[in-house]
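Peer 1: Build me a model from this:
(one chain, ligands or ions: 1)
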Amino acid sequence: MSSQATSTGGAAPEAAPVALAVTGISKSFAGVHAIRNLSFVARKGEATALIGPNGAGKTTVFNLVSGVYGVDAGAVTVNGVDVTHMPSRRRIGCGIARSFQNVRLMDHLSVLENLLVGQHIRAASLTDLLTPYRLFPNHRWRQEARQALADNGLERYANETVSGLPYGVRKRVDLVRATLAGASILLLDEPAAGLNPSETNDLRDHLNLLVAQGLTLVIVEHDMHFIDSICSNVVVLNFGEKIAEGPLSVVRQDPEVRRAYIGDGEN
Ligand SMILES: Nc1ncnc2c1ncn2[C@@H]1O[C@H](COP(=O)(O)OP(=O)(O)OP(=O)(O)O)[C@@H](O)[C@H]1O
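Peer 2: Numbering: from 1, shown residues only. Alright, predicted model coming up:
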């Protein structure tokens with residue numbers, strides 16, 4: 001990844017709109033300051049990485065953003081909506097979804113059936129919910145699901161049962177499921193964990209495709225090469241505080257980041 005481009009001619013490119021804004025959030029657990037006065041934004045159509053040593057607070061940020069825990073202070077805004085005091089399930093309706101570490105597909109159903117079930121969040125009524133399976137084989141949802149599989153190079157798996165699929169494919173189907181359910185911001189917790197090199201490359205390509213399609217990604221990941229190939233912005237946490245932010249090529253040169261996390265041996 002190249003560092004921020006500077007241009008001498010013409011106006012600077014306009015920054016993409018803010019999709020997720022975290023403003024001055026703090027959280028303590030029984031006197032342990034897990035997150036202290038943290039602020040950052042994730043912009044539409046960009047991937048932001050959250051990195052830091054074990055216990056730095058990365059998972060807690062995801063828990064606060066997705067509403068698993070309430071913040072002690074600060075605010076969280078999703079697509080312009082203040083969700084700070086909104087329950088987790090309603091935040092999904094604002095376009096934010098959390099994925100991975102555990103793939104949440106139904107093993108006994110086919111890929112296509114899983115996608116149709118995922119679309120239930122968009123259903124306005126019970127009739128809506130049942131229609132795509134039972135009545136009209138070419139219902140719009142089914143067409144959308146097939147199209148989404150095709151767009152992401154997964155169409156050959158449409159009728160396969162999930163339990164028989166390689167782990168890397170299941171993870172990618174889980175991504176498609178989340179986007180079809182209406183998510184525009186994905187929180188991805190160590191997406192490359194447990195994948196072999198070829199699956200990691202496929203996932204990287206898939207995530208870059210989603211970014212190109214305008215999705216916003218926030219990724220917790222330890223694999224710097226993976227981050228480098230996807231994320232334009234990196235937020236570095238240590239003991240619950242932001243110690244650096246910027247392109248990876250810049251933050252990895254920061255002495256505090258090297259001391260806390262990346263290490264002097266890395267280039
Ligand atoms: N539910 C909880 N109860 C008590 N302490 C918690 C809870 N959740 C997180 N913590 C504490 O908050 C701090 C940050 O933890 P967190 O899991 O967010 O870090 P992390 O950066 O995700 O670490 P790792 O990379 O190991 O997953 C740690 O000190 C942890 O023990």
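Peer 1: mind listing the strands for the stretch 51-200 of the chain?
Peer 2: 73-78, 81-82, 96-99, 185-189 (DSSP state E, counting those that start in this stretch).
Peer 1: So for the shortest one, mean pLDDT?
Peer 2: Read it as strand 81-82. For strand 81-82, mean pLDDT is 96.
Peer 1: That one - which strands sit beside it in the sheet, and in what orientation?
Peer 2: Strand 81-82 pairs in its sheet with strand 73-78 (antiparallel), by DSSP bridges.
Peer 1: in the partner strand, what's buried?
Peer 2: G74, V76, T77, V78 (16 or more other C-beta atoms under 10 Å). Bear in mind the C-beta positions are built from the backbone N, C-alpha and C, glycine included.
Peer 1: dump the residue contacts of the third one.
Peer 2: Listed by C-beta atoms under 8 Å, 6 or more residues apart in numbering, the contact partners of T77 are V18, L20, A21, T23, V83, T84.
Peer 1: which one of the residues you listed is nearest the ligand?
Peer 2: Relative to the ligand, the closest of the contacts of T77 is L20; by C-beta to the nearest ligand atom it sits at 17.4 Å.
Peer 1: any chance of the strands of the stretch 51-200 of the chain in JSON lines, plus distance to H206?
Peer 2: Converted to JSON lines, the strands of the stretch 51-200 of the chain look like this (distance: least, C-beta to C-beta, whole Å):
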{"stretch": "strand 73-78", "distance to H206": "23"}
{"stretch": "strand 81-82", "distance to H206": "27"}
{"stretch": "strand 96-99", "distance to H206": "12"}
{"stretch": "strand 185-189", "distance to H206": "11"}
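Peer 1: By mean pLDDT, show me the worst of these.
Peer 2: Looking over the strands of the stretch 51-200 of the chain, mean pLDDT reaches its minimum on strand 96-99, with a mean of 87.
Peer 1: Please see if it touches the ligand.
Peer 2: No: against the ligand, strand 96-99 shows no contacts by C-beta under 6 Å from any ligand atom, the least distance being 13.2 Å.
Peer 1: Which strands and helices lie in contact with that strand?
Peer 2: Applying 3 or more C-beta pairs under 8 Å, 6 or more residues apart in numbering; DSSP states H and E, we find strand 96-99 packed against helix 58-66, helix 167-180, strand 185-189.
Peer 1: Could you name the helices and strands sitting against the last one?
Peer 2: If contacts are counted by 3+ C-beta pairs under 8 Å, 6+ apart, strand 185-189 sits against helix 58-66, strand 96-99, helix 167-180, strand 216-220.
Peer 1: out of the ones you listed, which comes closest to E14?
Peer 2: strand 216-220 (16.4 Å; C-beta to C-beta).
Peer 1: For the closest one, which outside residues touch it?
Peer 2: Around strand 216-220, the neighbours that count as contacts under C-beta under 8 Å, 6+ apart are 19-20, 42-51, 58-59, 62, 65, 184-191, 207, 210-211, 227, 230-231.
Peer 1: from what I can see S99 touches A181, true?
Peer 2: No: taking contacts as C-beta atoms under 8 Å, S99 lies outside contact range of A181: 10.6 Å.
Peer 1: Would you state the helices of this structure in chain order?
Peer 2: For the chain, applying DSSP state H gives helices covering 58-66, 88-93, 111-118, 126-134, 140-151, 167-180, 197-212, 224-228, 248-251, 255-257.
Peer 1: Same list, these, but as JSON lines with distance to N37 and mean neighbour count please.
Peer 2: Converted to JSON lines, the helices of the chain look like this (distance: least, C-beta to C-beta, whole Å; neighbours: other C-beta atoms under 10 Å):
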{"stretch": "helix 58-66", "distance to N37": "13", "mean neighbour count": "21"}
{"stretch": "helix 88-93", "distance to N37": "22", "mean neighbour count": "15"}
{"stretch": "helix 111-118", "distance to N37": "36", "mean neighbour count": "22"}
{"stretch": "helix 126-134", "distance to N37": "43", "mean neighbour count": "14"}
{"stretch": "helix 140-151", "distance to N37": "39", "mean neighbour count": "16"}
{"stretch": "helix 167-180", "distance to N37": "30", "mean neighbour count": "22"}
{"stretch": "helix 197-212", "distance to N37": "29", "mean neighbour count": "16"}
{"stretch": "helix 224-228", "distance to N37": "24", "mean neighbour count": "17"}
{"stretch": "helix 248-251", "distance to N37": "19", "mean neighbour count": "18"}
{"stretch": "helix 255-257", "distance to N37": "17", "mean neighbour count": "14"}
